[in-house]
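A.B. asks: I would like to see how this sequence folds:
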Amino acid sequence: MSQLSIQGVGRTFPGVNRGVPTLALQPTSLEVANNDFITILGPSGCGKSTLLRIVAGLDSPTVGQVLLDGQRVTGPGADRGMVFQSYTLFPWLTVRENICFGLREKGMLPATQAEIAQRFIAEVGLNGFESHFPKQLSGGMQQRVALARALANDPKILLLDEPFGALDNQTRALMQELLLSIWELHKKTVLFVTHDIDEAIFMANRCAVFSARPGRIKNELAIDLPYPRHYTVKTTPRFSELKAIVTEDIRVESLKAVLMEH
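C.D. replies: Numbering: from 1, shown residues only. Below you'll find the predicted structure:
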């Protein structure tokens with residue numbers, strides 16, 4: 001049985017001032033197994049983030065349901081950790097305090113909180129920055145804190161919504177490798193939304209390609225590149241083949257999106 005089951009999930013937003021409702025996500029289904037790393041790829045505005053928010057319990061589907069270990073998702077929970085593109089750290093808390101936030105909410109002893117926080121601070125390479133505030137950190141470092149905070153709560157599933165979208169190419173590549181190493185270490189299940197084709201192929205064991213808006217998953221592709229992955233895999237013939245398949249899929253959908261706008 002899959003760990004996460006997305007069953008015919010669709011989302012329609014009501015129209016403004018009783019106007020025409022907006023279909024943001026066509027009924028779409030996806031089965032996610034333990035330790036899967038699935039990237040969700042598609043044109044802008046196709047409903048990728050809407051689907052992720054529904055899985056996170058931050059939004060409700062108009063039709064369909066999401067099951068996690070057989071239980072229906074009806075709201076946010078500690079079993080799902082979310083990392084957004086925008087840096088969602090509390091600016092008045094230090095790195096350590098940000099990472100401890102969820103642990104404190106659970107009522108953990110301060111000594112246990114500190115021990116867990118320190119472990120993840122080391123894992124994401126932020127030793128020495130424990131007492132810094134978010135404004136004193138670069139974008140990449142802020143995303144490391146966000147990742148550490150999500151992991152510290154020990155969720156079953158990590159949900160990442162274009163987490164490296166605002167980073168420069170070099171930092172982005174380093175963060176991709178960091179996340180993969182953490183995934184391999186902790187055996188988490190990951191759903192990762194991106195519109196970057198290279199990123200989608202490099203990270204995933206499966207890539208779900210979305211259609212143009214209103215989106216649905218139109219194609220699932222197994223990424224048969226071996227782990228652990230080194231950035232040099234991006235120069236291999238198999239990577240190029242997979243990229244060609246995905247690029248054609250995305251190109252077709254992007255053209256549809258443009259034609260629909262005119």
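
A.B. asks: what mean pLDDT does stretch 227-238 get?
C.D. replies: Across stretch 227-238, the average pLDDT comes to 93.

A.B. asks: buried residues in it?
C.D. replies: Within stretch 227-238, the residues scored as buried using 16 or more other C-beta atoms under 10 Å are Arg229. To be clear about C-beta, it is placed using only N, CA and C from the backbone, and glycine gets the same treatment.

A.B. asks: now the end-to-end length of that stretch.
C.D. replies: Using C-alpha to C-alpha, to the nearest Å, the end-to-end distance of stretch 227-238 comes to 14 Å.

A.B. asks: other residues contacting that stretch?
C.D. replies: Contact with stretch 227-238 is made by 173, 176-177, 180-181, 184, 198, 202, 205, 224-225, 239, as judged by C-beta atoms under 8 Å, 6 or more residues apart in numbering.

A.B. asks: can you check stretch 147-157 too?
C.D. replies: Contacts for stretch 147-157 (C-beta under 8 Å, 6+ apart): 3-4, 32, 55, 68-69, 78-83, 89, 98-103, 106, 116-117, 120-121, 123-124, 126, 158, 163, 178-179, 182, 186, 188-191.

A.B. asks: so which of those residues belong to helices?
C.D. replies: Counting by DSSP state H, the part of those found in helices is 55, 98-103, 116-117, 120-121, 123, 178-179, 182, 186.

A.B. asks: from memory Phe133 sits against Pro91, does it?
C.D. replies: Yes: Phe133 lies in contact with Pro91 (C-beta atoms under 8 Å); the separation is 6.7 Å.

A.B. asks: more neighbours: the two, which one.
C.D. replies: Phe133 (16 against 9; other C-beta atoms under 10 Å).

A.B. asks: got a winner among the ones in helices among the contacts of stretch 147-157 for most neighbours?
C.D. replies: Ranked by neighbours (other C-beta under 10 Å), the ones in helices among the contacts of stretch 147-157 are led by Ile99, which has 31 neighbours.

A.B. asks: how about it, nearest residue that isn't a chain neighbour?
C.D. replies: Distance criterion C-beta to C-beta, 6 or more residues apart in numbering; nearest residue to Ile99, sequence neighbours excluded, is Ala117 at 4.3 Å.

A.B. asks: for Lys106, phi and psi?
C.D. replies: phi -80, psi -10 (degrees, to the nearest 10).
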